[in-house]
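Q: no FASTA, just this:
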């Protein structure tokens, strides 16, 4: 068993060799910022611990692992083994992979029992088979680099038909997103997966494109509004759940005030209406007017005779 300060370097060296096939002593020395002599000493230590690593000289030489070598569990600490099992359990909970057999094999390899110390589930309450199937289709499309077609409903309910080259699934603040190249817009786009309907795998494949970093901030065409709000105490639980990133001030009358940022579009109007009488928009005036007009329109639906 390799212990002490050098354990991290030795462990990383094995992974580098597994990933790259072979590296020269000079390359490893530069990577770890140690001397070539130290690298050869590390090779001897790994060999003595049972890792089949060897150095060959001449053209095409270098330090490499024996072909077919699989990392021995003895190089992983119990904590590292638990981290691997937890990561797989989390991925399985997202339906990203069917990992039960793999988890069982790794538990056996690591001599771990069936104890489940944490439960992770990213799926919504009342999850449907249709949603799991959609996630699996998108996962398959990304791994096989196949384009997909789907209907997409934006934040004000407008529907469009899209063909997308999917690149990545992202999770943020309780929601899943798909990043890819939209053939309709001829640009990188991010789609909220709950708004994607009727996913289909298309024939053919695509070449991987350079994509910008995923930005899951609001992308409203109208920009972003700075909004001042007053909440009644009854809204405190929603503030904690949904708006905890903004500082809150408690006023003398018990109400809660804050300044927050929201997209300048219809979604924001509907969001504040969902609080009913528990929130008052203090500013900007244009948003106050939009909320009032929408509330008056709703009220007309419930007038006698309607």
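A: Structure received. Values in this document were obtained by computation on a predicted structure and should not be read as measured data.
Q: Next up, the contacts around residue 63.
A: 17, 22, 23, 24, 25, 28, 39, 43, 53, 54, 55 (Cβ atoms under 8 Å, 6 or more residues apart in numbering). Backbone N, C-alpha and C define where each C-beta goes, glycine included.
Q: change it to 6 Å
A: By Cβ atoms under 6 Å, 6 or more residues apart in numbering, residue 63 lies in contact with 23, 55.
Q: what pairs with the one helix or strand it maps to, and is each one parallel or antiparallel?
A: If you go by DSSP states H and E, residue 63 is part of strand 62-65. Counting by DSSP bridges, the strands paired with strand 62-65 are strand 22-23 (antiparallel), strand 53-56 (antiparallel).
Q: chain center to that strand: distance?
A: 35 Å (Cα atoms, centre = their mean, to the nearest Å).
Q: what mean pLDDT would you report for that strand?
A: On average, the pLDDT along strand 62-65 is 87.
Q: Just say which of the strands paired with strand 62-65 is most tucked in.
A: With neighbours taken as mean count of other Cβ atoms under 10 Å, these reach their highest mean count in strand 22-23, at a mean of 17.
Q: any low-confidence regions in the stretch 1-150 of the chain?
A: The stretch 1-150 of the chain contains residues with pLDDT under 70 at 1-8, 58-60, 68-128.
Q: what's the distance between residue 146 and residue 47?
A: Separation of residue 146 from residue 47 (Cβ to Cβ, to the nearest Å): 44 Å.
Q: picking up where we left off before, can you tell which of the strands paired with strand 62-65 is closest to residue 64?
A: Closest approach to residue 64 among the strands paired with strand 62-65 is made by strand 22-23 (3.9 Å; Cβ to Cβ).
Q: Could I get the full set of strands for the stretch 201-306 of the chain?
A: Ranges of strands in the stretch 201-306 of the chain, per DSSP state E, counting those that start in this stretch, are 224-231, 249-250, 256-263, 279-283.
Q: Can you add distance to residue 171 and mean pLDDT and give these back as JSON lines?
A: Below are these laid out as JSON lines (distance: least, Cβ to Cβ, whole Å; pLDDT from 0 to 100):
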{"stretch": "strand 224-231", "distance to residue 171": "23", "mean pLDDT": "93"}
{"stretch": "strand 249-250", "distance to residue 171": "32", "mean pLDDT": "94"}
{"stretch": "strand 256-263", "distance to residue 171": "20", "mean pLDDT": "93"}
{"stretch": "strand 279-283", "distance to residue 171": "28", "mean pLDDT": "97"}
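Q: Which helix or which strand is home to residue 180?
A: Applying DSSP H and E as the criterion places residue 180 in strand 175-182.
Q: Tell me which other helices or strands that strand touches.
A: With contacts taken as 3 or more Cβ pairs under 6 Å, 6 or more residues apart in numbering; DSSP states H and E, strand 175-182 sits against strand 159-172, strand 187-192.
Q: now these as CSV including distance to residue 225, mean pLDDT and mean neighbour count?
A: Compiled in CSV, the helices and strands packed on strand 175-182 are given as follows (distance: least, Cβ to Cβ, whole Å; pLDDT from 0 to 100; neighbours: other Cβ atoms under 10 Å):
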stretch, distance to residue 225, mean pLDDT, mean neighbour count
strand 159-172, 21, 89, 16
strand 187-192, 20, 89, 16
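Q: and of these, who's closest to residue 237?
A: Comparing the helices and strands packed on strand 175-182 by Cβ to Cβ, strand 159-172 comes nearest, at 21.3 Å.
Q: Listing partners with orientation, what would you give for the closest one?
A: strand 148-153 (antiparallel), strand 175-182 (antiparallel).
Q: what's residue 246 sitting at in phi/psi?
A: When quoted as degrees, to the nearest 10, the phi and psi of residue 246 stand at phi -100, psi 140.
Q: Where do the helices of the protein begin and end?
A: 6-20, 25-32, 36-48, 78-93, 100-109, 129-144, 236-242, 266-273, 285-301 (DSSP state H).
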